[in-house]
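# coords please:
(one chain, ligands or ions: 2)
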Amino acid sequence: MRIERIELRKVALPLVSPFTTSFGSVTLKEIGLVAVYSDGVVGWGECAALPDPIYSPEYTDGALAVLERYLAPRLLGRDVTAANVSNLFTGIVGHRMAKGALEMAVIDAELRAAGRSFASYLGVTRARVPAGVSVGIMDTIPQLVEAVGGYLAEGYRRIKLKIKPGWDLAPVAAIREAFGDEVPLQVDANTAYTLGDAAHLAKLDRFGLLLIEQPLGEEDLRQHALLARQVLTPICLDESVVSPEAAADAIAMRATSVINIKAARVGGYLAAVKVHDIARANGIPVWCGGMVETGLGRRANAALAGLPGFTLVGDVSASSRFYSQDLTEPVEMVDGHIAVPQGPGIGPAPLPDVLAAVTMQAVAL
Ligand code: OSB
Ligand code: MG
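Ligands and ions are numbered 1, 2, ... in the order given. Purely as a prediction, here's the structure:
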């Protein structure tokens, strides 16, 4: 399809409550959006980058600048297919979230034009995926217990607690105490520890956690392999897995026994499928991570999570987990599950009124 026009936009959506991790808090999600126009259809892409470069090097304004100056010009006026977009970015190093957003918009446009769903494009046959929720660091343990109780009452099938030094053993113990040993529970440190903390992290072993996510630094693959020998809780990498190659290396080094797949982190949904395939071929279970996406990315994640290697419950939650007003029709949780979208494209487009109200800046190319 010929790309006639590309619109880049920054929108700001307030979160229902601040989301705090070991790297800081997010209260307002500023999000980069990409709209590609071709032959009467509009395809939408969401850039998952956070407003600040605290989880990864990319951030919303930076990603939009790269899209405007380097990535969008490579597609404008060209005949492209979704499968070919990543090749057109050859020579632009990094900026995977920006690349993934533009690729997502082309996938959406191509599928809308063909009247085909993203699930069918991926070969996904599951109609729904179980919903899990990521629970931020809170001021007090009673607050955390109340929040987790609320999510369990809503029907979430798996709880992930954010941890950091000083907020690890006690919150996990409190959740086990309040809700029992049967609740599927895991923790995410977002790189907050060092290998010197191995003995401390081994104290999590007694809680029967599904996994500990990214305890050490993004570049600490070898250290994760060493840590894995000192703790019983399975190690799952997030930040470190920036590409299919990184996934293959981490698996070969035994730095990870589970992988959190986030399409944005590896350069888009098609690269995410590659990570899935590599993990599956190696017997490594995967689950779908989240980046506090709007309905656009949230529905794309639900479809991705329908692939057969996604055997663990992901951070695939309802819109209401983060947003009282989503950009699209809200993603709903039914019976603890999120539907895999079956309509044309990746999912419903942004609601025009909402989009207009939350747009902070827009540029047309
Ligand atoms: O580490 O998984 C993470 C959100 C932003 C950045 C990094 C992470 C997260 C989450 C939330 O844990 C996942 C979600 O969108 O539900
Ligand atoms: Mg994580």
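
# now the residue positioned nearest the centre of the chain, what's its secondary structure?
In the chain, the residue lying closest to the centroid (CA atoms, centre = their mean) is G290, at 2.5 Å. Following DSSP: H, G, I helix; E, B strand; the rest coil, G290 is assigned to coil.

# so how far is ligand 2 from the residue nearest to it when sequence neighbours are not counted?
Nearest non-adjacent residue to G290, counting by CB to CB, 6 or more residues apart in numbering: D315, 3.8 Å away. In short, each C-beta sits where N, CA and C put it, glycine included. According to CB to the ion, to the nearest Å, D315 stands 8 Å off from ligand 2.

# related to what we said a few turns ago, so the residue nearest to the centre of the chain touches A300, yeah?
No. G290 is not in contact with A300 according to CB atoms under 8 Å; the separation is 10.8 Å.

# A349: neighbour count?
19 (other CB atoms under 10 Å).

# and it, its phi and psi?
Backbone torsions for A349, taken as degrees, to the nearest 10, come to phi -70, psi 160.

# that one and ligand 2, how far apart?
Remark: distance between A349 and ligand 2 (CB to the ion) = 28 Å.

# repeat that for L216.
For L216 relative to ligand 2 (CB to the ion), the value is 13 Å.

# wait, what's in contact with the residue in the stretch 201-350 of the chain positioned nearest to ligand 2?
Going by CB to the ion, ligand 2 is nearest to D238 of the stretch 201-350 of the chain, at 3.5 Å. Applying CB atoms under 8 Å, 6 or more residues apart in numbering, we find D238 in contact with 188, 190, 213-214, 260, 262, 265, 289.

# so what's the gap between the longest helix seen in the chain and the chain middle?
Taking DSSP state H as the criterion, the chain has its longest helix at helix 96-114. Centroid displacement of helix 96-114 relative to its chain, using CA atoms, centre = their mean, to the nearest Å, is 16 Å.

# how about that helix and ligand 1, any contact?
No. Helix 96-114 is not in contact with ligand 1 by CB under 6 Å from any ligand atom; minimum separation 11.1 Å.

# tally of neighbours for F23?
Around F23 sit 18 other residues, with neighbours defined as other CB under 10 Å.

# quick check: the gap between it and ligand 1.
According to CB to the nearest ligand atom, to the nearest Å, F23 and ligand 1 sit 8 Å apart.

# please tell me I have it right and that residue contacts I54.
Yes. At 4.4 Å, F23 counts as touching I54 under the criterion of CB under 8 Å.

# mind listing what the residue in the chain that ligand 1 sits nearest to touches?
Residue of the chain nearest ligand 1, by CB to the nearest ligand atom: G290 (2.4 Å). By CB under 8 Å, 6+ apart, G290 lies in contact with 134, 262, 298, 301, 314-317.

# what pairs with the lengthiest strand in the chain, parallel or antiparallel?
In the chain, with assignment by DSSP state E, the single longest strand is strand 5-21. Strand partners for strand 5-21, identified by DSSP bridges, are recorded as strand 24-38 (antiparallel), strand 359-364 (antiparallel).

# noted, bye for now.
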